[in-house]
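Participant: Sequence and predicted structure, then a few things I'm wondering about:
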Amino acid sequence: MPRKISQQTKLGLALSAGVAVASSVIGGTLLGYWLDERFGTEPWLLVAGVIIGTFGAFTWLYRLTSQLK
């Protein structure tokens with residue numbers, strides 16, 4: 001039997017998911033940009049940062065959704 005989740009809990013999960021996705025992608029992008037500037041490897045570390053940030057965001061969302069089942 002599925003457990004009942006309150007509206008406040010749903011809102012909190014949605015907000016935390018949005019913040020986690022945005023911060024992962026933005027953080028990876030900024031870190032990649034900074035490393036590119038530091039080492040002169042443009043644009044490769046920026047691209048890697050975006051990919052790693054996106055992977056981190058999807059990993060976080062997977063963990064969240066698997067806890068809701």
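Facilitator: Yes, it's here. These numbers were taken from a predicted model, which means no experiment stands behind them.
Participant: Could you report the distance from the closest residue in space to residue 43 that isn't next to it in sequence to residue 63?
Facilitator: Using C-beta to C-beta, 6 or more residues apart in numbering and skipping the chain neighbours, the partner closest in space to residue 43 is residue 36 (6.5 Å). Just so you know, the C-beta spots here come from the backbone N, C-alpha and C atoms, and that holds for glycine as well. Here residue 36 is placed at a distance of 30 Å from residue 63 (C-beta to C-beta, to the nearest Å).
Participant: go on, residue 11?
Facilitator: Residue 11 is 19 Å from residue 63, where distance means C-beta to C-beta.
Participant: So residue 36 and residue 63 - more neighbours on which side?
Facilitator: The neighbour count for residue 36 versus residue 63, taken as other C-beta atoms under 10 Å, is higher for residue 36 (18 against 10).
Participant: Quick check: which element contains that one?
Facilitator: Using DSSP states H and E, residue 36 sits in helix 7-39.
Participant: Which strands and helices lie in contact with the next helix or strand after that helix?
Facilitator: On the C-terminal side of helix 7-39, the closest following helix or strand by DSSP H and E is helix 44-68. Contacts defined by 3 or more C-beta pairs under 8 Å, 6 or more residues apart in numbering; DSSP states H and E place helix 44-68 against helix 7-39.
Participant: by contact count, what packs against the helix it packs on?
Facilitator: Short answer (3+ C-beta pairs under 8 Å, 6+ apart): helix 7-39 packs on helix 44-68.
Participant: Buried ones in the helix it packs on, by neighbour count?
Facilitator: 45, 46, 48, 49, 50, 52, 53, 56, 57, 60 (16 or more other C-beta atoms under 10 Å).
Participant: And the pLDDT at the closest residue to the last one other than its chain neighbours?
Facilitator: Which is residue 60. Distances taken as C-beta to C-beta, 6+ apart place residue 20 nearest to residue 60, at 4.9 Å, with adjacent residues excluded. Looking at residue 20, its pLDDT is 89.
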